[in-house]
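[1] I'd like to go over a predicted model; first the sequence, then the structure.
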Amino acid sequence: MKLRLLYFASLRERVGTAEETLDVPDGVTTVAQLRNWLAERSPLWAEAFAEQRSVRAAVDQTMAADHHTVHDGAEVAFFPPVTGG
Amino acid sequence: MTVRVQREDFDVGVEIGRLRSGNPRIGAVASFVGVVRDINEGATVGSITLEHYPGMTEKSLEEIAEQAKARWNLSDVLIVHRIGTLAPTDQIVLVVTTSSHRGDAFAACQFVMDYLKTEAPFWKKEVTADGMRWVDARDSDSKAQQRWN
């Protein structure tokens, strides 16, 4: 399954990447599983996800909880709590 | 309903005039303008830079405006949010709600701001004397949003 991953704000700076397209294994079907897989794959991601008090996720530009499923071709974004306004 | 994300400043008078132009049903206009402060968390702020998630930002603001329209009797909703680098006293955000009566306009304006603060994907980075730092989300903003549930 191919996913387009986006990172924003402090999380983008921590992982040093704004955007990437990745092939993820079959066992990764939810936001939580994707986060765990990314963390296992790279210490930089593991640190970034652990350091951020609460990393938020969006799937196809809609806020997504941990159990939200990801599908082939999905756009998945990770970012810290929002601070606009 | 209009949602805009832009670098340019906005003129509150012009925006309100355009929103209520030619609509005699409107009896109330409520507006909120967010402005860059020069002090945050005890440090002097030289400038802030606003980052956002193009596409999701607009979608999220439209959903918030739709929710307000479903909840109150509104004629219209306008949300304008700036991005890029801003200095103290600069305007950041404008929310305008129009209605027949003030109660709906006031409540909806506050609702839109409370949801924008907690759901719209914007992030602020400040430049202070100690360097650059990302602004942390506030618990008080989450509480302000939860009171509408």
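    Sure, I can see it. Numbering: from 1, shown residues only, chains lettered A, B, ... in the order given.

[2] for the residue lying closest to A:F8 once chain neighbours are set aside, name its beta-bridge partners.
    Counting by C-beta to C-beta, 6 or more residues apart in numbering or on different chains, A:F79 is the residue found nearest to A:F8 once chain neighbours are left out, at 3.9 Å. Bear in mind the C-beta positions are built from the backbone N, C-alpha and C, glycine included. When assigned by DSSP bridges, A:F79 has beta-bridge partners A:R56.

[3] can you give me the strands in chain A?
    A:2-7, A:19-23, A:56-59, A:62-64, A:75-79 (DSSP state E).

[4] and the shortest one, what's buried?
    When you say that, I think you mean strand A:62-64. A:63-64 (16 or more other C-beta atoms under 10 Å in any protein chain shown).

[5] ok, now which ones touch the residue lying closest to B:W134 once chain neighbours are set aside?
    Using C-beta to C-beta, 6+ apart and skipping the chain neighbours, the partner closest in space to B:W134 is A:S10 (4.4 Å). A:S10 makes contact with A:52, A:80, B:123, B:134 under the criterion C-beta atoms under 8 Å, 6 or more residues apart in numbering or on different chains.

[6] need the residues that contact the strand or helix carrying B:D141.
    B:D141 is part of helix B:139-146, with elements assigned from DSSP states H and E. Residues outside helix B:139-146 that contact it (C-beta under 8 Å, 6+ apart) are B:114-115, B:117-119.
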